[in-house]
Every structure is written in structure tokens, then in C-alpha cells.
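**Student:** Sequence first, predicted coordinates after that:
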Amino acid sequence: MCGRFSLTHSSDALENVFSVAGVENFPPRYNIAPTQPIMTISAGLPRMAGSNLPEQDALLMRWGLLPSWVKDPSDFPLLINARSETAATKASFRNAMRHRRILIPASGFYEWQRDKETGQSQAYWVRPKNGELIGFAGLAETYMNKDGAEIDTAAFLTAPSNKQFQAIHHRMPIAIAETDFKRWLDCRTQEPRHIADLLRAPDEDFFEAIAVSDLVNKVSNTSPENQKQVTPKDFTQRKKPKPIDDSQGSLF
């Protein structure tokens, strides 16, 4: 899944990779969390031949998708991820999967490996080995509240993890190759069945997972220190049970 991610690449890189404009001076963000505004990329309106306008549009959205039919957001779960296997049929994502597919630019994401016996967790910073920008597959919905105000909301699409990543978590976000950006964003001619081949985990050699400290656990920690490599925790070192004090004997 994806519960935190990071976008630290330059504005120039964003404009070049995603063919957008208007993202000058976009600050690096090292610990992006649910409900915060995130950058998204959507297909632009049809351009005339010879137009100098960028091919895609960049827009800030709230991370946490709200379907248009929700009456009370306070009674609705926070949808930060959508399972790619059921997104085309599930009520919460069906319309977005057909009409509002987006890309979510990222430099990488964070995931936690959890040990059930000890309750401990180890955070990992997961990034492309080549250091390039990622376009994660996402879905968007515009929600209108009771006062008539609109808010654009978004969620990541996830898939079962590849073999390399399964030791950390059983699911991971879907990265769309740059050569497939247009096809993914084309909701006019490309129905969900046409882009189903894109809904899979990246190849095993695409990402590298770097153990990081627990700093990233707190949303308030937003510095580059979140991505500083550490030695992974050793879950095999179990805490020894305290010895029983039987100096006073027992009634049983």
C-alpha cells in the first residue's frame, strides 16, 4: 500500500517528465501524509495542432478520495488507496477509474515492515534505483460539500507486491512507465479494460528499499533526515521474559 510518500525533484524535472507548466518553485516535500494536498497530473483539454500549451495539467488535490455521492464525509472512511483488482467495479472507485485517472508524481514512498510477535516495525524509504521521477497511478473525484464548495480528492492505485517487496509488505503502489502516461490518462478512448495491462507491480529491479529511522512516523518531521539510511531492526532479537520471583512460594 502507500501511506506516506515524498516528492523532492526539482520543478524543472516535474515540467519535463510530465509535460506540464506552472509548477515553478514547488518546494521539496519529504513526508507527505494523507489529507494533505498533493500534486496530480491529468490529461489536458484537447490542444489545437501547433499549440505551445503543455500536454497535461497539474493540479493540487487532497489525498483521500471522496466519491461524489458521499453525504457526510465524517462518516466515510479515508480512501488513500484503491485495489487495482476491484477499482473498475467497486462503487467508490468505478466512476473515477473510467473517467478520472490521474498520475501522482513522486520521488519514492515509505512502507513499514511489521513484526507480529514483537509489535515492532521498520520503516523503509522506497525509491527507483535510477533516481528518476515516478508517475504513480491514481484516481480522482471532485466532491461538493453542503455549502457548494468543491474539493478535488485523490487516491493511489495498488497491486500485489512483487517477490522482492513481499518481505516488507504484501501490496505496493503502481508505477506507470513514462511511455504509458498518455494512454493511462486518456479516459476518452481508453476504458479500464484497455489499460488493465498497466495495473501491476513494477519489475523487481525497479525499486530499492532503504531502511530509515522512526522519524518518518511523525507527520511533523518533514526534513531530509527522514531518508537517512540506518541499520534495519533485528526482529529475531526477542525480549526475554522476566524471571518469576518464587521466593515467597505459591498457594498453587
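**Tutor:** Good, I have the coordinates. Residues are numbered from 1 along each chain as shown.
**Student:** List the residues that contact residue 98.
**Tutor:** With contacts taken as C-beta atoms under 8 Å, 6 or more residues apart in numbering, residue 98 has the following neighbours: 88, 187, 191-192. No exception for glycine: its C-beta is placed from N, CA and C like everyone else's.
**Student:** and the two most separated of these?
**Tutor:** Within those, 88 and 187 form the most distant pair, 12.4 Å apart (C-beta to C-beta).
**Student:** Tell me which stretches of the protein form helices.
**Tutor:** Under the criterion DSSP state H, the chain carries helices at the ranges 11-18, 94-99, 181-185.
**Student:** Turn the ones you listed into TSV, columns for distance to residue 217 and mean pLDDT.
**Tutor:** As requested, these are arranged in TSV below (distance: least, C-beta to C-beta, whole Å; pLDDT from 0 to 100):
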stretch	distance to residue 217	mean pLDDT
helix 11-18	27	95
helix 94-99	30	96
helix 181-185	32	96
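**Student:** Reformat those as TSV; add distance to residue 80.
**Tutor:** Conversion of these to TSV gives the following (distance: least, C-beta to C-beta, whole Å):
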stretch	distance to residue 80
helix 11-18	21
helix 94-99	14
helix 181-185	19
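**Student:** Out of the ones you listed, the one nearest residue 236 is which?
**Tutor:** Comparing the helices of the chain under C-beta to C-beta, the one sitting nearest is helix 11-18, at 40.7 Å.
**Student:** contacts for that closest one?
**Tutor:** Contacts made with helix 11-18 from outside it, assessed by C-beta under 8 Å, 6+ apart, are listed as 20-21, 23-26, 39, 41, 54, 56, 58, 103, 105, 132-133, 135, 178, 181.
**Student:** Please point out which parts of it sit buried.
**Tutor:** When neighbours are counted by 16 or more other C-beta atoms under 10 Å, the buried residues of helix 11-18 are found to be 11, 14-15, 17-18.
**Student:** Check the offset of that helix from the chain's centre.
**Tutor:** 19 Å (C-alpha atoms, centre = their mean, to the nearest Å).
**Student:** cool, and stretch 124-136?
**Tutor:** Remark: stretch 124-136 is offset 12 Å from the chain centroid, using C-alpha atoms, centre = their mean.
**Student:** Could you pull out the strands in the protein for me?
**Tutor:** 4-7, 29-32, 37-43, 56-63, 81-83, 101-106, 108-114, 121-128, 134-144, 150-160, 171-173, 175-176, 207-212 (DSSP state E).
**Student:** Which elements pack onto the first one?
**Tutor:** Spelled out, it's strand 4-7. Counting contacts by 3 or more C-beta pairs under 8 Å, 6 or more residues apart in numbering; DSSP states H and E, strand 4-7 packs against strand 29-32, strand 101-106, strand 108-114.
**Student:** Check the fourth one too.
**Tutor:** Helices and strands touching strand 56-63, as assessed by 3+ C-beta pairs under 8 Å, 6+ apart, comprise helix 11-18, strand 37-43, strand 150-160.
**Student:** That one pairs with which strands, and in what direction?
**Tutor:** Note on strand 56-63: by DSSP bridges, its sheet partners are strand 37-43 (antiparallel), strand 150-160 (parallel).
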